[in-house]
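In: model this:
(one chain, ligands or ions: 1)
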Amino acid sequence: MNNADSRHTATGDSAPRITLEDVGKSYGGTSVLRGITLNVEPGEIHGLLGENGAGKSTLLKILGGAISADAGTVLFDERPAKLGSPRAAIDHGISLIAQELALVPARSVLENVYLGRWANAAGIVRPAQDRARLERLIAESGFDLDLDAPVSSLALGQAQQVEILKALARGSKVICFDEPTAALGEADTENLLAVIRRLAANGTTIIIVSHFLEEILGLADRITVLRDGNQIITDDAAGYDSDGLVHLMVGRQVEALARSPRPVAENAPVVITATGLSNASISEISFEVRRGEVLGLVGLMGSGRSETLNAVFGSDRVTSGEVWVHGRRVRRNSVRHAIRGGLALVPESRKDQGLVLGRSAAENVALPSLRRRQIGGFVQLGAEHRVVDDAVERVDIRGKVRHVPVGALSGGNQQKALFAKWLIDPPEVFLIDEPTRGVDIAAKANIHNLILELAERGTAVVVASSELEEVLSISHRLAVMRQGRIVAEYDRSVSPDVVMATAFH
Ligand SMILES: Nc1ncnc2c1ncn2[C@@H]1O[C@H](COP(=O)(O)OP(=O)(O)OP(=O)(O)O)[C@@H](O)[C@H]1O
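Out: Below you'll find the predicted structure:
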């Protein structure tokens with residue numbers, strides 16, 4: 001997927017659109033970004049890379065006006081830009097598209113794009129002209145959008161297009177994307193990358209953060225690698241491969257990737273049985289997982305992977321079907337009983353389901369085991385510290401683990417905290433949704449190995465992921481989902497093409 005020939009090349013001939021001079025940011029005396037000096041030209045696609053916590057989102061937030069830099073200057077078209085608020089950034093022509101989209105679900109695409117402007121009494125409301133303009137932008141950008149559809153009816157890829165449309169309608173000359181493809185399926189990813197290329201070809205400057213190195217290498221004209229808040233290199237992308245980038249990001253050679261799962265013991269008992277689980281999103285879901293086994297759930301976006309995990313855990317209601325753990329029935333539609341029955345879920349959406357964002361990472365990690373130990377009457381605080389430290393170290397959380405709310409950690413480190421929570425006292429059944437979304441490449445292998453280790457210690461694991469490669473590398477068996485049903489099961493030797501063909505059908 002290399003389109004090197006059609007790339008814009010950063011010649012240094014055109015005047016920079018954005019210039020950063022010695023930009024830095026600190027939180028409570030801790031410097032998280034320092035000395036960033038960079039020019040980005042009109043029409044350039046600039047990739048921003050680094051491990052979790054390296055400072056990528058911080059840099060984008062400064063450009064998008066969500067936070068202020070406390071050192072250095074930002075120039076826009078060679079004039080000092082006063083950013084400081086999203087409004088100010090937008091006025092300068094800079095838009096930030098964050099991972100959590102800022103849309104009003106009940107309103108139409110058209111209303112979402114113009115809501116702010118129409119609400120502003122000083123703005124002149126010309127719905128007919130606005131509609132015509134958006135229709136033109138939609139056609140130029142190659143979007144698949146109906147202006148009258150409510151945003152709640154859109155798939156994630158389309159909702160992202162609404163955000164881009166918003167940026168274009170405001171006349172943005174710079175669009176910053178924070179991990180835009182992290183939650184997209186393959187087809188939506190290809191669409192988005194095509195849209196980004198088209199925007200750049202029309203002169204929009206793109207700054208994009210991603211953990212998918214091949215994606216950046218196939219897309220970006222130039223790259224900047226950050227490590228621990230420092231700018232390691234800024235260079236043409238053409239001379240790099242992903243191994244070289246990882247080395248720059250991590251500052252050391254990354255050891256081998258995840259190993260393969262060990263075979264399940266022949267006499268391993270069945271730990272979890274699900275029979276006929278059904279609700280509005282899934283239909284007649286049945287499966288068994290044995291002690292030490294990893295079952296992978298694969299399927300396209302919307303095929304029912306996450307809904308299956310949530311139904312098993314009781315966080316989505318089912319209308320029929322049952323879950324049994326070690327031969328005991330788990331009370332239906334009750335998360336409390338699921339947890340008591342030995343189930344744990346690492347959800348897809350860490351923000352609203354997984355973490356208490358106001359508490360530190362250490363407190364979050366300690367929470368499930370603390371609760372269980374309190375039931376017994378004792379909490380041994382010294383011992384608690386050690387086990388928490390151990391779990392935190394094993395998932396390699398970067399950033400302040402104590403005394404800082406976990407919500408202030410970088411996205412990838414929040415994901416690691418969510419995972420570490422369950423390492424202390426492993427559950428009987430571990431349900432994991434998108435285990436490595438937003439996690440950097442070094443930590444990814446780490447988390448894969450932890451999943452395998454948990455299985456080897458006796459946990460039955462069900463893992464759902466949009467990355468087929470990920471599921472294939474850690475699962476013993478695969479269940480392929482389509483339209484809310486399990487339509488096929490394969491063992492791990494299946495070829496990815498066969499799985500994809502089954503998922504699409
Ligand atoms: N509000 C805050 N208070 C304290 N520290 C913060 C705050 N926001 C960010 N940080 C710290 O700044 C550092 C950089 O975070 P940032 O989100 O920029 O990383 P990142 O490179 O985007 O990581 P990821 O790939 O995980 O998203 C992290 O150590 C983070 O904990």
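In: By mean pLDDT, which helix or strand of the chain comes out lowest?
Out: The least trusted helix or strand in the chain, going by mean pLDDT, DSSP states H and E, turns out to be helix 361-376, with a mean of 68.
In: following that helix, which helix or strand comes up?
Out: helix 381-395 (DSSP states H and E).
In: Need the residues that contact that next one.
Out: Residues from elsewhere that reach helix 381-395, judged by CB atoms under 8 Å, 6 or more residues apart in numbering: 361-362, 365-366, 369-370, 401, 416-417, 419-421, 423-424, 443, 446-447, 450. C-beta: built from backbone N, CA, C; applies to glycine.
In: Kindly report the same for stretch 267-276.
Out: 284-293, 312, 320-326, 343, 428-429, 459-460, 462.
In: The same query, at a cut-off of 10 Å, please.
Out: With contacts defined as CB atoms under 10 Å, 6 or more residues apart in numbering, stretch 267-276 is touched by 283-293, 295, 308, 311-312, 318, 320-327, 329-330, 341-343, 428-431, 458-462, 486.
In: Let's see which of the residues you listed end up in strands.
Out: Judged by DSSP state E, the subset of the contacts of stretch 267-276 located in strands is 285-290, 295, 320-325, 329-330, 343, 429-431, 460-462, 486.
In: Write the ChimeraX selection for whichever of those residues are buried.
Out: Those of the ones in strands among the contacts of stretch 267-276 that count as buried under 16 or more other CB atoms under 10 Å are selected in ChimeraX with:
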select :285,287,289,290,295,321,323,324,325,330,343,429,430,431,460,461,462,486
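In: ok, Val264 - contacts?
Out: By CB under 10 Å, 6+ apart, the neighbours of Val264 are Val289, Arg290, Arg291, Gly292, Glu293, Val294, Ala455, Glu456, Ala460, His476, Arg477.
In: let's go with 6 Å and repeat that
Out: Applying CB atoms under 6 Å, 6 or more residues apart in numbering to Val264 gives the contacts Arg290, Gly292, Glu293, His476.
In: could you measure the residue of the stretch 251-400 of the chain found nearest the ligand against Leu184, distance?
Out: Residue of the stretch 251-400 of the chain nearest the ligand, by CB to the nearest ligand atom: Gly399 (3.5 Å). Plainly put, Gly399 is 26 Å away from Leu184 if you go by CB to CB, to the nearest Å.
In: Ser108 - how many residues pack around it?
Out: Number of residues near Ser108 (other CB atoms under 10 Å) recorded here: 18.
In: what bridges to it?
Out: As for beta bridges, Ser108 partners with Pro150 under DSSP bridges.
In: I'd assumed Asp146 was in contact with it.
Out: No - using CB atoms under 6 Å, Ser108 is not in contact with Asp146; the gap is 8.6 Å.
In: Look up phi and psi at the closest residue to Tyr27 other than its chain neighbours.
Out: Among residues not flanking Tyr27 along the chain, Ala408 sits closest, at 7.4 Å (CB to CB, 6 or more residues apart in numbering). Taking degrees, to the nearest 10, you get phi -90, psi -10 for the backbone angles of Ala408.
In: what's the pLDDT at the closest residue to Arg331 other than its chain neighbours?
Out: Setting aside the residues directly before and after it, Arg331 is nearest to His337 in space (CB to CB, 6+ apart), at 3.9 Å. pLDDT recorded at His337 is 93.
In: And for the one 3 residues further on?
Out: Among the per-residue scores, Arg340 holds a pLDDT of 91.
In: Let me see the ranges of the helices in the stretch 1-150 of the chain.
Out: 56-63, 86-92, 109-119, 127-141 (DSSP state H, counting those that start in this stretch).
In: winner for burial among those helices?
Out: Of all the helices of the stretch 1-150 of the chain, helix 56-63 has the most neighbours on average by mean count of other CB atoms under 10 Å, namely a mean of 25.
In: and that one, average pLDDT?
Out: 95.
In: just stretch 473-482 next, same as before
Out: For stretch 473-482, the mean pLDDT works out to 95.
In: For it, which outside residues touch it?
Out: 258, 261, 264, 293-299, 303-305, 448, 451, 486-492, 499, 502-503.
In: picking up where we left off before, adding distance to Ala194, write the helices of the stretch 1-150 of the chain out as a markdown table.
Out: What follows is these, written out as a markdown table (distance: least, CB to CB, whole Å):
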| stretch | distance to Ala194 |
| --- | --- |
| helix 56-63 | 22 |
| helix 86-92 | 25 |
| helix 109-119 | 20 |
| helix 127-141 | 10 |
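In: Need the ones you listed in TSV (columns: distance to the ligand).
Out: Formatted as TSV, the helices of the stretch 1-150 of the chain follow (distance: least, CB to the nearest ligand atom, whole Å):
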stretch	distance to the ligand
helix 56-63	3
helix 86-92	16
helix 109-119	25
helix 127-141	26
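In: For those helices, which has the smallest mean pLDDT value?
Out: Of all the helices of the stretch 1-150 of the chain, helix 109-119 has the smallest average pLDDT, which comes to a mean of 76.
In: The helices of the stretch 1-150 of the chain: which one's closest to Val439?
Out: helix 56-63 (13.4 Å; CB to CB).
In: all strands for the stretch 1-150 of the chain, in order.
Out: Listed in chain order, the strands of the stretch 1-150 of the chain (DSSP state E, counting those that start in this stretch) span 18-27, 30-40, 45-49, 71-76, 79-80, 94-97.
In: For the fourth one, buried residues please.
Out: Right, strand 71-76. Across strand 71-76, burial judged by 16+ other CB under 10 Å covers Gly72, Val74, Phe76.
In: Quick check, pLDDT for Ala122.
Out: 49.
In: Oops, could you answer that again for Ser349 instead?
Out: According to the prediction, Ser349 has pLDDT 68.
In: near the ligand, which residues of this protein?
Out: By CB under 6 Å from any ligand atom, the residues of the chain that approach the ligand are 27, 32, 50, 52-58, 399, 404, 408-413.
In: Return the members of the residues you listed classed as buried.
Out: Buried among these by 16+ other CB under 10 Å: 32, 50, 52-58, 399, 404, 408-413.
In: coming back round to it: in contact with the residue of the stretch 251-400 of the chain closest to the ligand, which residues?
Out: Gly53, Leu409, Asn413.
In: In a strand, it, correct?
Out: No - using DSSP: H, G, I helix; E, B strand; the rest coil, the assignment for Gly399 is coil, not a strand.
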